[in-house]
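**Student:** Quick one, fold the following:
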Amino acid sequence: MKKYFTSLLLLFILSTSLSSFSQSEKEYKVVCVGYYNLENLFDTILNPELLFAEEFTPEGSSHWTSERYHEKLDHMSYVISKIATDVTPDGVALLGVSEIENRGVLEDLVKEDAIKDRNYQIVHYDTPDRRGIDVALLYNPKYFKVTNWKAHPLTFPDNPDYKTRSQLVVTGLLDGEEVSIIVNHWPSRRGGEKKSRPKRNAAGDLSRHIVDSLLAINKDAKIMLMGDLNDDPVNPSVLEHLRAKGKESQLTDGDMFNPMWKLYKEGIGSLAYRDKWNLFDQIIISQGLLGNDSTYKFYKARVFNKPFLKQKEGRYKGYPWRTFAGGVYIGGYSDHFPVYIMLIKEAE
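**Tutor:** Residues are numbered from 1 along each chain as shown. Here you go, the predicted model:
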């Protein structure tokens, strides 16, 4: 079996979550899985079928020129190149992304100098979202082989004109172990959190249905659900509809484990709004990833919030340094921080 990256567990002594292993001389393989909302990664070509179609064109309100587009690609690729490299030199093996216009922008992204050597491959589906933003999965073929994928549309029978992102399910082999990744971007809070809540609850129900279908095939299935959920780990869509809990001791059959819950309770967020941190960007796992040392299991979750990703001054100092603020181009990265988890297993 191919060895991707091994390290003495002393590498992990910085964490207390597996402190009982810190005296061990065992070697562990490490693989990192991440998610990043790329904040409106659009090309400059007009697509008249989309809502706000003209906004991301040179003549549109965002004055989205080729220069700005390529600067955005450079910034996004740089961030991706740095995620988890303190853990493994290959960074993230799997990366869910959202707010991308089409497959073409991803093909441009993976060719950027910062990440082109990783040879990231793409799983993408054109969703019916009226804004034209999709979800996708980037994967390093050194680590992962796709065996199947499917997009599940999120529909509302009482409001058939409401078009939003589908949920992308990708199944494959991670170092020979079957895993399934569900990439999400749930409906926004536009119009107010309470008024829009039923849409996210419905998204949680769809995700739950997908998880149940995978668990029906294999009750120990290794599932990673990731995305910008537009809700925190404590909101009903996540806690009740998806059934994702933050404490292993509370899990019952079929429940998902949400390692982001602990981070949220510690005040760590992936985006900020009106001086409040939210942790909308989450990676949630099935109990099959809480297993033993012989197969990949969850080790730790992190928000990638390095200083270079933060606003340096002014009223929004410390917030994610975004591409636009108040309709003005400020040339940052994204209004979200990336998140990632580490999976480990004992090396052979």
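
**Student:** okay, CA-based contacts and neighbour counts for the rest of this
**Tutor:** Noted.

**Student:** Which residue ranges of the stretch 1-150 of the chain form helices?
**Tutor:** For the stretch 1-150 of the chain, the helices defined by DSSP state H, counting those that start in this stretch cover 66-82, 103-110.

**Student:** Go through those and name the closest to residue 222.
**Tutor:** Across the helices of the stretch 1-150 of the chain, residue 222 has its closest neighbour in helix 66-82 (24.1 Å, Cα to Cα).

**Student:** where does the stretch 1-150 of the chain have low pLDDT?
**Tutor:** Across the stretch 1-150 of the chain, the ranges flagged by pLDDT under 70 are 1-25, 51-53.

**Student:** Flag the shaky bits of the stretch 151-300 of the chain, pLDDT-wise.
**Tutor:** If you take pLDDT under 70 as the line, the stretch 151-300 of the chain has no such spans.

**Student:** that older thread, quick check: which of the helices of the stretch 1-150 of the chain is nearest to residue 252?
**Tutor:** Nearest to residue 252 among the helices of the stretch 1-150 of the chain is helix 66-82 (35.1 Å), distances taken as Cα to Cα.

**Student:** So residue 208 belongs to a strand, correct?
**Tutor:** No. Assessed with DSSP: H, G, I helix; E, B strand; the rest coil, residue 208 is helix; it does not lie in a strand.

**Student:** what's the neighbour count on it?
**Tutor:** By the criterion of other Cα atoms under 10 Å, residue 208 has 21 neighbours.

**Student:** coming back round to it: tabulate the helices of the stretch 1-150 of the chain in JSON lines, adding columns for distance to residue 279 and mean neighbour count.
**Tutor:** Formatted as JSON lines, the helices of the stretch 1-150 of the chain follow (distance: least, Cα to Cα, whole Å; neighbours: other Cα atoms under 10 Å):
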{"stretch": "helix 66-82", "distance to residue 279": "19", "mean neighbour count": "19"}
{"stretch": "helix 103-110", "distance to residue 279": "25", "mean neighbour count": "17"}
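
**Student:** Tell me which of the ones you listed approaches residue 292 most closely.
**Tutor:** helix 66-82 (29.0 Å).

**Student:** what's the distance between the closest one and the middle of its chain?
**Tutor:** Helix 66-82 has its C-alpha centroid displaced from the chain centroid by 18 Å (Cα atoms, centre = their mean, to the nearest Å).

**Student:** so what does that helix touch, helix or strand wise?
**Tutor:** Identification of packing neighbours for helix 66-82 by 3 or more Cα pairs under 8 Å, 6 or more residues apart in numbering; DSSP states H and E yields strand 27-41, helix 103-110.

**Student:** Select, out of the helices of the stretch 1-150 of the chain, the one closest to residue 226.
**Tutor:** helix 66-82 (16.2 Å).

**Student:** Hmm, residue 60 and residue 46 touching each other?
**Tutor:** No. Contact between residue 46 and residue 60 fails when scored by Cα atoms under 8 Å: they sit 9.6 Å apart.

**Student:** Mutual contacts of those two, please.
**Tutor:** Taking Cα atoms under 8 Å, 6 or more residues apart in numbering as the criterion, residue 46 and residue 60 both touch residue 54.

**Student:** before we move on, back to that, redo the helices and strands packed on helix 66-82 as TSV? Include distance to residue 158.
**Tutor:** Below are those laid out as TSV (distance: least, Cα to Cα, whole Å):
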stretch	distance to residue 158
strand 27-41	29
helix 103-110	31
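
**Student:** The ones you listed: which one's closest to residue 128?
**Tutor:** The closest of the helices and strands packed on helix 66-82 to residue 128 is helix 103-110. By Cα to Cα, the value is 14.2 Å.

**Student:** now the closest one against helix 66-82, angle please.
**Tutor:** Helix 103-110 and helix 66-82 are oriented at 60 degrees to each other (axes from the mean of the first three to the mean of the last three Cα atoms, to 10 degrees).

**Student:** any residues touching helix 103-110, and which ones?
**Tutor:** With Cα under 8 Å, 6+ apart as the test, helix 103-110 has contacts from 41-43, 73-74, 76-77, 100, 116, 119-122, 124-125.

**Student:** Among those residues, which pair sits farthest apart?
**Tutor:** 74 and 125 (23.4 Å).
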